[in-house]
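J.: Have a look; sequence and predicted model below, questions after that.
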Amino acid sequence: MKAMILAAGRGARLAPLTDTKPKPLVEVNGKPLIVYHIERLASAGFKQIVINTAWLGEMLPKALGDGRQWNIELIYSNEIEALETGGGIKNALPLLGHAPFFVINGDVYIDALPTSLQDIKLNKNRLAHLWLVKNPNHNLNGDFSLIDNKISNIGENKYTFAGIGLYHPDLFTNAPDGAFPLPQILRPAIDNNKINGELLSGNWCDVGTLQRLNELNQSMNKQ
């Protein structure tokens, strides 16, 4: 299975840090955020990771190289303009192949990959498996509900999409060209009962603002 790290976002809310470096190179406890993902994916047995780039994208291959230091291959999907989450994945499909692939947002921190990742199987009737988390303060209304391991757009008890998922390439068959957010194609597939999910265990943080970055650094320094 191949993996992809979404790394093309501008990260304006992390300015001024992201004025001079792409968001995934912002350091958490002295290490670039994206390196945590690469290390964990390599330890889990992934051999190829696709990384999409846009804002200051040339800095990512300079900082990370071709992946040999982690005994993996890093493949870069360069975007002239950021294509958002959905467009970035669709643009990278030729690099991801025809089998289901794993995607994680480059601006989230987790302390471990989902333990169920290697056991999940997708097919034409199950186009994606999403991991959800309890709602953080910045998204109290949540995104999706979870009923008997099936993702739903409705329901009172919604959780927040963790930015982590396993996707079948067929999910993108009728996706538009250009930039679009991933939920634009997720929600219709959810209505057609084609997406499962589960809650993510362990620590998760959307490192989207300076405040959250500082809070994450403080919590890790206490460990």
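T.: Yep, it's here.
J.: Show me the strands in the protein, by range?
T.: 3-6, 27-28, 31-32, 48-53, 73-78, 101-105, 108-110, 128-133, 144-147, 150-152, 158-167, 195-199, 204-206 (DSSP state E).
J.: Mean neighbour count and mean pLDDT added to those, as CSV?
T.: (Each C-beta comes from the backbone N, C-alpha and C, glycine too.) What follows is those, written out as CSV (neighbours: other C-beta atoms under 10 Å; pLDDT from 0 to 100):
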stretch, mean neighbour count, mean pLDDT
strand 3-6, 25, 98
strand 27-28, 15, 92
strand 31-32, 16, 94
strand 48-53, 24, 97
strand 73-78, 18, 97
strand 101-105, 24, 97
strand 108-110, 20, 95
strand 128-133, 24, 98
strand 144-147, 18, 96
strand 150-152, 19, 96
strand 158-167, 22, 97
strand 195-199, 19, 96
strand 204-206, 19, 94
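J.: possible to save the ones you listed as JSON lines with distance to Asp177?
T.: Conversion of those to JSON lines gives the following (distance: least, C-beta to C-beta, whole Å):
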{"stretch": "strand 3-6", "distance to Asp177": "18"}
{"stretch": "strand 27-28", "distance to Asp177": "34"}
{"stretch": "strand 31-32", "distance to Asp177": "31"}
{"stretch": "strand 48-53", "distance to Asp177": "15"}
{"stretch": "strand 73-78", "distance to Asp177": "15"}
{"stretch": "strand 101-105", "distance to Asp177": "19"}
{"stretch": "strand 108-110", "distance to Asp177": "27"}
{"stretch": "strand 128-133", "distance to Asp177": "20"}
{"stretch": "strand 144-147", "distance to Asp177": "26"}
{"stretch": "strand 150-152", "distance to Asp177": "25"}
{"stretch": "strand 158-167", "distance to Asp177": "18"}
{"stretch": "strand 195-199", "distance to Asp177": "22"}
{"stretch": "strand 204-206", "distance to Asp177": "28"}
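J.: helices and strands of this protein: which one has the lowest mean pLDDT?
T.: None of the helices or strands of the chain scores lower by mean pLDDT, DSSP states H and E than helix 210-221, at a mean of 89.
J.: what's that helix packed up against?
T.: strand 27-28, strand 204-206 (3 or more C-beta pairs under 8 Å, 6 or more residues apart in numbering; DSSP states H and E).
J.: Tell me which of those sits nearest to Leu60.
T.: Evaluated over these, closeness to Leu60 peaks at strand 27-28, with 14.2 Å, by C-beta to C-beta.
J.: what's the closest one in contact with?
T.: Leu33, Tyr36, Tyr109, Val207, Leu213, Leu216, Asn217, Met220 (C-beta atoms under 8 Å, 6 or more residues apart in numbering).
J.: try stretch 170-189
T.: So stretch 170-189 is contacted by 81-87, 89-90, 93, 124, 127-128, 130, 143, 151, 153, 161, 195 (C-beta under 8 Å, 6+ apart).
J.: Okay, now that stretch: how far is its last residue from its first?
T.: With C-alpha to C-alpha, to the nearest Å applied, stretch 170-189 spans 11 Å between its terminal residues.
J.: Check the offset of that stretch from the chain's centre.
T.: 15 Å (C-alpha atoms, centre = their mean, to the nearest Å).
J.: In that stretch, which residues are buried?
T.: Using 16 or more other C-beta atoms under 10 Å as the test for burial, stretch 170-189 gives Asp170, Leu171, Phe172, Ala175, Ala179, Phe180, Leu182, Ile185, Leu186, Ala189.
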